[in-house]
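Chemist: what follows is a protein structure lacking sequence information:
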């Protein structure tokens, strides 16, 4: 699941590793919301939290990896890819606050979606989106993803450390299917 993709104009999408702790800490330094792609979404990350997140996204395990969008050695955003079966994967994304609304997420999602279909031969890639997250809903549509279903109380809000004491909200599932690979059976 190692990728290095040229997105043009000096922007690269590449696999993040534990060597990228400092990049993650710097990139998340101005984050005020729980909008990160790590195993426990929070912001900003401390060096320990960044290492923990990058360890959890270790591509050597083969089930999930994190990909950074970098320009001139600066992390502008990240995407997470979590394989959930032989034919599908969930994609998550985050862009640093000052780099939002510049088309970076769309470029990253389009590139990683194409790469996942072509290189990993996965038929279906899906997003979980909070129904109240209008920018993400528009982004999913612009990236060619299609609405599939609403899952009631499926997504965790991460307002409490214990899942039993946390709140949960509905999630909308949007999916992209490959036209070049055979359908999942």
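Modeler: Now that the structure is in, tell me what you want to look at. Treat the numbers as computed from the prediction; the structure is a model and nothing was measured.
Chemist: residues contacting the lengthiest helix in the chain, please?
Modeler: For the chain, the longest helix by residue count, based on DSSP state H, is helix 104-119. For helix 104-119, contacts defined as C-beta atoms under 8 Å, 6 or more residues apart in numbering pick out 3, 5, 7-8, 11, 13, 67, 69, 76-77, 79, 81, 89, 91, 93, 95, 122-123, 125, 139, 142-144, 176, 178, 180-181. Just so you know, the C-beta spots here come from the backbone N, C-alpha and C atoms, and that holds for glycine as well.
Chemist: what's the ChimeraX line that selects buried ones from those?
Modeler: To isolate the buried subset of the contacts of helix 104-119 in ChimeraX, counting by 16 or more other C-beta atoms under 10 Å, use the following:
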select :3,5,7,11,13,67,69,76,77,79,81,89,91,93,95,122,123,125,139,143,176,178
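Chemist: so which of the contacts of helix 104-119 are in strands?
Modeler: Those of these mapping onto strands are 5, 7-8, 11, 13, 67, 69, 76-77, 79, 81, 89, 91, 93, 95, 125, 176, per DSSP state E.
Chemist: okay, now the unreliable bits of the protein?
Modeler: Low-confidence segments of the chain, defined by pLDDT under 70: 1, 34-42, 156-158, 160, 179-185.
Chemist: check whether residue 169 sits in a helix, strand or coil.
Modeler: strand (DSSP: H, G, I helix; E, B strand; the rest coil).
Chemist: residues contacting it?
Modeler: Contacts for residue 169 (C-beta under 8 Å, 6+ apart) come out as 130-132, 153-155, 157.
Chemist: please pick the buried ones from those.
Modeler: residue 155.
Chemist: for the contacts of residue 169, which one is nearest residue 47?
Modeler: residue 157 (25.7 Å; C-beta to C-beta).
Chemist: between the contacts of residue 169, which is closest to residue 54?
Modeler: Nearest to residue 54 among the contacts of residue 169 is residue 155, at 22.8 Å by C-beta to C-beta.
Chemist: pretty sure the closest one is in a strand, no?
Modeler: Yes - according to three-state DSSP, residue 155 belongs to a strand.
Chemist: could you give the bridge partners of the nearest residue to it once chain neighbours are set aside?
Modeler: Nearest residue to residue 155, sequence neighbours excluded (C-beta to C-beta, 6 or more residues apart in numbering): residue 171, at 4.1 Å. Beta bridges link residue 171 to residue 151 when assigned by DSSP bridges.
Chemist: who's in contact with residue 171?
Modeler: Residue 171 sits next to 128-131, 150-151, 154-155 when contact means C-beta under 8 Å, 6+ apart.
Chemist: now render those residues as CSV, adding distance to residue 164.
Modeler: Shown next, in CSV, are the contacts of residue 171 (distance: C-beta to C-beta, whole Å):
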residue, distance to residue 164
128, 20
129, 24
130, 21
131, 23
150, 23
151, 19
154, 16
155, 16
